[in-house]
Every structure is written in structure tokens, then in C-alpha cells.
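K.L.:
Got a predicted structure here, sequence first:
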Amino acid sequence: MRFLLFFIALTAAALVAAVHPVAADDSDVWQDCRSDNICVIEYDHLSDQKSEPFRFNGRVVDEDHPRWGQYRKAIQRYPDVRSCLIEEEKDKETPNLLIFDWRTFGFSSSAEVCLFRIASSLGNPDRIEKWLEFHNLSHSGVTRLRSPKFEPEFEHEAVYSVTGFWTVEQFREVQPSWFAKLTGIEMMTSYSLNATFSKDLKVSEV
């Protein structure tokens, strides 16, 4: 009888663990410092347009690029990573790249340019994953887009990828929709942010 009760308890515990897995990685390491903007993240350098020009699909967006008209104003308005931060951070010797004002930059070409600047400054996928986690974007880690034998045709061709996700509810906390509030109709299902990297882990596109 004791064995049967022990077996039932063990089975129940296993089922609970299967439905609600508990792991050390589940804890939010940013929780205690996020609200006060005192979290910090290490970066490799401070990226700018001159040293690391904005790229779309691995290719530099310049006057000869077909998407120049789409990104021209954003590239000129945000020429370096400092210009993508809040006023209090811009002139600091070591600015905090975690403090990204989504409401200011929105979710269009300006955000793409600034997120490219931030990703380039962070310097590697591990730090970019941490940046995503700080902003509550869930992700599944680095994914290889090409086979190990793949040889890129050009320097910054995408080989690896990291994608972060927000639910609609998370997205609407940052970007409210008067239409959705008024009608109860939501036009989107989720929000994703994708960063790709070349063979040598340089940012190809965000």
C-alpha cells in the first residue's frame, strides 16, 4: 500500500513537472533593476554609420540600394547608437544600451535602424539575447539558417538568427491601438524582432 501511494505521488509530481517545468533560467534576472533603469549590459563598442553602415539583408543601404528611400531619413536622423538612446544617456561616457524608448522610435524604419545600431554595438548574439530578455521578448536562442558547409556569397550574408517575441498584450502595453480599443478588433497576432548574423557573427540585419 505504501509503495502504491509513493508511486501515485511520484507520478503526479512528474505530470506537474511536465506541464509546468521549473528551471533556473525561468527566473527573471532583470526584475529587480528594470523598473529603476539601473540594469546594465556590457557592449563591445559604440556603433555608428561610418564604421558600421546600416544593412538590409546583409547589404549596405546607400543611395544605390533599392530601399534607400525607405531608410534614408532614419539613417540620417540616427547616425550612431547614442542618437538612439534617451537624452540622459546620449552624452555619457558609457551609455546604457538597455534604455531604449520604444514609444519614441516606434516600430518602423527608425526602430530598425536603431536596433541595428544597438545589436552592432553589443557585438555578439549572447548579449543580444540578454537585451531581448531585458525587454521581455522571449526567444529560443541562436538558430543556424544555413548548413555547416555553406559558404557565403558576400561578407555579411545571414548565416545565424536570433528572434524575440512579444504577445499582442505585451506589444499593446508599449504601442496602444485606439482602433483595437474602440472596436475590440485586433489586427495583429504577435510581434517579432529578428536579428541575423554573418558567418563571423557580425550583424547582417535587424
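P.N.:
Here it is on my side, so go on. Residues are numbered from 1 along each chain as shown.

K.L.:
Could you pull up the residues touching R144?
P.N.:
The contact partners of R144, by CB atoms under 8 Å, 6 or more residues apart in numbering, come to V159, Y160, S161. Quick note: C-beta positions are derived from backbone N, CA and C, even for glycine.

K.L.:
likewise T143?
P.N.:
Remark: with contacts taken as CB under 8 Å, 6+ apart, T143 is in contact with Y160, S161, V162, T163.

K.L.:
Of those, which is the nearest to T196?
P.N.:
Nearest to T196 among the contacts of T143 is S161, at 4.9 Å by CB to CB.

K.L.:
For that closest one, list each beta-bridge partner.
P.N.:
For S161, the beta-bridge assignment (DSSP bridges) gives partners T143, T196.

K.L.:
Give me the neighbour count for it.
P.N.:
One way to gauge burial is a neighbour count; for S161, by other CB atoms under 10 Å, it gives 17.

K.L.:
F197 is in contact with that one, correct?
P.N.:
Yes: under the criterion of CB atoms under 8 Å, S161 is in contact with F197, at a separation of 7.2 Å.

K.L.:
How much space separates the spatially most central residue of the chain from F100?
P.N.:
Centre of the chain computed as the mean C-alpha position; nearest residue by CA atoms, centre = their mean is L132, 4.3 Å away. Taking CB to CB, to the nearest Å as the criterion, L132 is separated from F100 by 11 Å.

K.L.:
Tell me where the protein has strands.
P.N.:
Listed from the start of the chain, the chain has strands (DSSP state E) covering 55-56, 59-60, 138-139, 143-144, 160-167, 190-197, 203-205.

K.L.:
To C39, which of the ones you listed lies closest?
P.N.:
Closest among the strands of the chain, once you apply CB to CB, is strand 160-167, at 16.6 Å.

K.L.:
Let me see the contact set for the closest residue to H139 other than its chain neighbours.
P.N.:
Among residues not flanking H139 along the chain, G164 sits closest, at 4.6 Å (CB to CB, 6 or more residues apart in numbering). The contact partners of G164, by CB under 8 Å, 6+ apart, come to L132, H135, L137, S138, H139, S192, L193, N194.

K.L.:
Generate a PyMOL selection restricted to the buried entries among these.
P.N.:
Per 16 or more other CB atoms under 10 Å, the buried members of the contacts of G164 correspond to this PyMOL selection:
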select buried, resi 132+135+137+139+193
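
K.L.:
any chance of the contacts of G164 in TSV, plus pLDDT and distance to N57?
P.N.:
Below are these laid out as TSV (pLDDT from 0 to 100; distance: CB to CB, whole Å):
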residue	pLDDT	distance to N57
L132	95	21
H135	93	24
L137	95	21
S138	95	25
H139	94	21
S192	92	16
L193	93	16
N194	95	11
